[in-house]
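**Student:** Using only what follows, build the 3D model:
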Amino acid sequence: MVTLGHFLLLAGLLMAIGLYGVLTRRNLIAVLMSVEILLNAAALAFASAAAFRDPHLFAGQVFALFIIVVAAAELSIGFAILLNVYRTHGAVSDDAIGEMRG
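**Tutor:** Next up is the predicted model:
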């Protein structure tokens, strides 16, 4: 039987993978993808904890859905910024962001 610990272990692994990607990647698209993995790990943790606590309450699922909606908005804004950086500098790395000061 799959227990809450299994889901939380999976969420923790996803969180670790996302955090590793955010800290080690220099390409900003990869960093955005890693942030999405982090947010999906949080949504999985909330939904699974709520489902195992009381299956008749939907607060955890609603909160997970809210996280997914915020993640989609964050991703669209992030890609718009990255598209602007690419048009300006011809590259999508964190060095290009440092050159935008002024």
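**Student:** mind checking how far Ala91 is from Glu36?
**Tutor:** Ala91 sits 22 Å away from Glu36 when distances are taken as C-beta to C-beta, to the nearest Å. Just so you know, the C-beta spots here come from the backbone N, C-alpha and C atoms, and that holds for glycine as well.
**Student:** pLDDT value on Phe58, please?
**Tutor:** Per-residue pLDDT puts Phe58 at 87.
**Student:** And the contacts of stretch 14-25?
**Tutor:** Outside stretch 14-25, the residues that touch it by C-beta atoms under 8 Å, 6 or more residues apart in numbering are 30-31, 33-38, 40-42, 44.
**Student:** if we go to 7 Å?
**Tutor:** Applying C-beta atoms under 7 Å, 6 or more residues apart in numbering, the contact partners of stretch 14-25 are 30-31, 33-35, 37-38, 40-41, 44.
**Student:** Identify each buried residue in stretch 7-15, please.
**Tutor:** Within stretch 7-15, the residues that qualify as buried are 7-8, 11, 14-15, counting by 16 or more other C-beta atoms under 10 Å.
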